[in-house]
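Visitor: fold the following and give me the result.
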Amino acid sequence: MKWFEDDDWTWNGLRQPYRIKERHPELVQIDPHLQVICFQSLCHPTWWPDYHNASIHHLNSNSIRNWRTDVYAFHWTHPTPFELKNHVNLLTISENTMFSEIGRYVLEQAGTLQYFTHLVRKQSASVPHR
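Guide: The predicted structure is shown next:
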């Protein structure tokens, strides 16, 4: 991009794309599936009616049927989901949540799932059981 500002995500990610939309709207495709905003471990997909309503989220609306095909990008604000805070949480959580599926998928695609699984097993084996 001609006007890129190092270390300024607002300029690069918001203002510049808006300038392009203003000047050349035919070059921009706005796709609501690009973003799902998650706050307090509740996700609000922008394509769902009333997505800005805090009481409507992925757990009670069936708005995200399949995160692999329905969503292009997730944005976690606060707090970081428990499953994604570290590899131990991710790989030892007993329930299978959307967040744990996403975390494992990322590690798998990066080719590091086996490495982290081995680390967790090694750590748990070294902890004395009472």
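Visitor: what about the chain, any weak spots by pLDDT?
Guide: The chain contains residues with pLDDT under 70 at 1-2, 4, 127-130.
Visitor: tell me the domain boundaries of it?
Guide: The record, using automatic domain parsing to delimit domains, assigns the chain the ranges 1-30, 31-126.
Visitor: with respect to burial, which of those scores highest?
Guide: Comparing those by mean neighbour count (mean count of other CB atoms under 10 Å), domain 31-126 ranks first with a mean of 14. Every residue, glycine included, has its C-beta placed from N, CA and C.
Visitor: roughly how far apart are the residue sitting nearest the centre point of the chain and residue 96?
Guide: Centrality entry for the chain: nearest residue to the mean C-alpha point is residue 74, 3.2 Å, by CA atoms, centre = their mean. According to CB to CB, to the nearest Å, residue 74 and residue 96 sit 17 Å apart.
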